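Asker: Compute the structure for the input listed below.
(one chain, ligands or ions: 1)
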Amino acid sequence: MRVSRCFLPVLKESPSDAQIVSHKLMLQAGLVRQTAAGIYAWLPIGFRVLKKIEQIVREEQDRAGAQEMLMPTIQSADLWRESGRYDAYGPEMLRITDRHKREMLYGPTNEEMLTALFRDDVNSYRDLPRTLYHIQWKFRDEVRPRFGVMRGREFLMKDAYSFDLDEAGARLSYYTQLLAYLRTFQRLGIQAVPMKAASGPIGGDLSHEFIVLAPTGESEVFYDAAFEEFDWAQGGLDYGDEAGLHGLFDRVSSTYAATDETHDEARWAEVPEARRRTGRGIEVGHIFYFGDKYSAAMGLKVSGQDGKPLTPMMGSYGIGVSRLVGAIIEASHDDKGIVWPAAVAPWQVGLVTMRGDDAASITAADDIYAKLTAAGVETLYDDRDERGGVKLGTQDLIGLPWQLIVGPRGLAAGTVELKNRKTGDKEELSIDSALTKLTS
Ligand code: 5CA
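Answerer: Residues are numbered from 1 along each chain as shown. Below you'll find the model as predicted:
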């Protein structure tokens, strides 16, 4: 993508109306713009990041055996009357009346809708277990939307729902999602620690929040540093391996991690002092096992193996996809701007001409751009006739993993400069070696 053709509205100054660094950087680097309180438009660069996160979430859900579908944002109030949550949800629910005076709502979550869909089409124990998910916009009329996309009113969530024949099966579905979450966050390049949680309005008695450490987080957290060393992708744990999944849950449960809501001083004291980590954290995911809370209330039954009707046991599993964009920036930035983990970076390479009016630089950079693009390396090419210093400032602000800088002086010696955004390390290389490094 050529910057000269991009909608990339970068602000010169850090916006003063934003309170936390991720919100400031998202506005300054042109990722989002607020269109109403707590509601944001995703500009091209922010949208690319959102899609990358969404794709990693999707791949890990699919690997874990969940099936993707898409449910609507607008739901009928009657559906929510069946579970009893229409009144219970309170003013956070955006209620709408259509032209026929029917009561509708903008969905804050989808337990009721999927339970009803299952009730209509699933009849037998043979149709279970199943886990379904969608990635869809939600609306919660938060009293105080703040911190940009971190606590928005409209936000993108991945929500999955599992249906099992009994509690043992449902727990296994829960453990499966637990592993999928650990792998998802690891791939996203962030450290998200699962912490036992209270389940609130979703209900149930088994629940974990996934928390990313950041000073601006809303809850206080306490955890054992052992979580920083686990490698969830390795170890060959297979989703079909029941004993392995039980082992995973035991390991997570026996390694201390809690928010201020569930913190237990006695257990905390048993964690060796050198391994105690405390701080504030942002909740990027939340999983729940709630048994028959919705299936019983809404009359979902299937016939069991013995012909008798039974009520499926359920869980639900959310990831804040749009919140993650802010949370990743909170966890990965410096005083110059964003430092994207490669897996979610909007582009991998920022190609910059130091002199946009120098014919030799333009010819060389055009050629590099064509070669990187042909090799499938996502490149943002700053081809503007703008001061080199300004372009480099923009590069640091938007935080792509690599900057490839082409200038007349280097070209005369046959070299370009390759800068690693995270470490700041710079190397003078021949164009060929730079290309080899970026494409291999
Ligand atoms: N039905 C369940 C699981 S699917 C549910 O709604 N869970 S939740 O309320 O915990 O939300 C799931 C995730 O959505 C949260 O962990 C959080 O990352 C994200 N989230 C919740 N509220 C907001 C909000 N106002 N703005 C941005 N993200 C949010």
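Asker: what is the mean pLDDT for the helix or strand containing residue 55?
Answerer: According to DSSP states H and E, residue 55 maps onto helix 44-63. Throughout helix 44-63, pLDDT has a mean value of 98.
Asker: Could you check how far that helix is from the centre of its chain?
Answerer: In terms of CA atoms, centre = their mean, to the nearest Å, the centre of helix 44-63 is set 8 Å apart from its chain centre.
Asker: go on, stretch 90-104?
Answerer: 29 Å.
Asker: if you look at that stretch, does any of it touch the ligand?
Answerer: No. On the criterion CB under 6 Å from any ligand atom, stretch 90-104 is out of touch with the ligand, staying 9.0 Å away. For every residue, glycine as well, the C-beta is placed using N, CA and C.
Asker: How far does that stretch stretch from one end to the other?
Answerer: Using CA to CA, to the nearest Å, one end of stretch 90-104 lies 14 Å from the other.
Asker: Downstream of the least confident helix or strand in the chain by mean pLDDT, the next helix or strand is which one?
Answerer: Using mean pLDDT, DSSP states H and E, helix 226-229 stands out as the lowest-scoring helix or strand of the chain, at a mean of 91. Going down the chain from helix 226-229, the next helix or strand is helix 242-254, by DSSP H and E.
Asker: Contact residues of the chain facing the ligand?
Answerer: Residues of the chain lying near the ligand (CB under 6 Å from any ligand atom): 109, 111, 140, 142, 151-152, 155, 157, 159, 202, 283-286, 288, 316-318, 320, 322-323.
Asker: now do 8 Å
Answerer: Residues of the chain lying near the ligand by CB under 8 Å from any ligand atom: 38, 108-111, 138, 140, 142, 145, 149-153, 155, 157-161, 200-202, 209-210, 282-288, 316-320, 322-324.
Asker: residue in the stretch 251-400 of the chain nearest to the ligand?
Answerer: residue 320 (2.3 Å; CB to the nearest ligand atom).
Asker: Dig out what that residue forms beta bridges with.
Answerer: residue 157 (DSSP bridges).
Asker: Quick one: low-confidence residue ranges for the protein.
Answerer: 199-204, 234-235 (pLDDT under 70).
Asker: same thing but 80
Answerer: Across the chain, the ranges flagged by pLDDT under 80 are 198-205, 233-236.
Asker: care to break it down by domain?
Answerer: 3-338, 349-439 (automatic domain parsing).
Asker: Dump those domains into CSV; add mean neighbour count as well.
Answerer: Shown next, in CSV, are the domains of the chain (neighbours: other CB atoms under 10 Å):
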stretch, mean neighbour count
domain 3-338, 18
domain 349-439, 18
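Asker: Helices of the stretch 151-300 of the chain, start to end?
Answerer: Remark: helices assigned in the stretch 151-300 of the chain by DSSP state H, counting those that start in this stretch are 167-187, 226-229, 242-254, 265-269, 293-297.
Asker: I'd like to know which of those helices is closest to residue 392.
Answerer: helix 167-187 (29.7 Å; CB to CB).
Asker: what helices or strands is that closest one leaning on?
Answerer: helix 44-63, strand 130-139, strand 154-164, strand 192-196, strand 206-213, helix 242-254, strand 276-291, strand 313-320 (3 or more CB pairs under 8 Å, 6 or more residues apart in numbering; DSSP states H and E).
Asker: Let's have those in CSV, adding distance to residue 171.
Answerer: Shown next, in CSV, are the helices and strands packed on helix 167-187 (distance: least, CB to CB, whole Å):
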stretch, distance to residue 171
helix 44-63, 19
strand 130-139, 13
strand 154-164, 8
strand 192-196, 15
strand 206-213, 8
helix 242-254, 8
strand 276-291, 7
strand 313-320, 9
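Asker: right, so of those, which gets closest to residue 183?
Answerer: helix 44-63 (5.3 Å).
Asker: relative to helix 167-187, how tilted is that closest one?
Answerer: Going by axes from the mean of the first three to the mean of the last three CA atoms, to 10 degrees, helix 44-63 is angled at 140 degrees with respect to helix 167-187.
Asker: Next, the angle from helix 44-63 to strand 130-139.
Answerer: Using the same axes, to 10 degrees: helix 44-63 against strand 130-139 is 160 degrees.
Asker: what's helix 44-63 packed up against?
Answerer: strand 67-68, strand 130-139, strand 154-164, helix 167-187, helix 321-331.
Asker: which stretch among the ones you listed comes nearest residue 421?
Answerer: helix 321-331 (13.4 Å).
Asker: Please give me every residue in contact with residue 402.
Answerer: 348-350, 418-421, 438 (CB atoms under 8 Å, 6 or more residues apart in numbering).
Asker: what's the span of stretch 37-45 from first residue to last?
Answerer: Using CA to CA, the end-to-end distance of stretch 37-45 comes to 21 Å.
Asker: Oh, that last question was meant for stretch 256-271, not what I typed.
Answerer: OK, stretch 256-271 end separation, CA to CA: 7 Å.
Asker: Run the chain-centre distance for that stretch.
Answerer: So, by CA atoms, centre = their mean, the centroid of stretch 256-271 is 26 Å from its chain's centroid.
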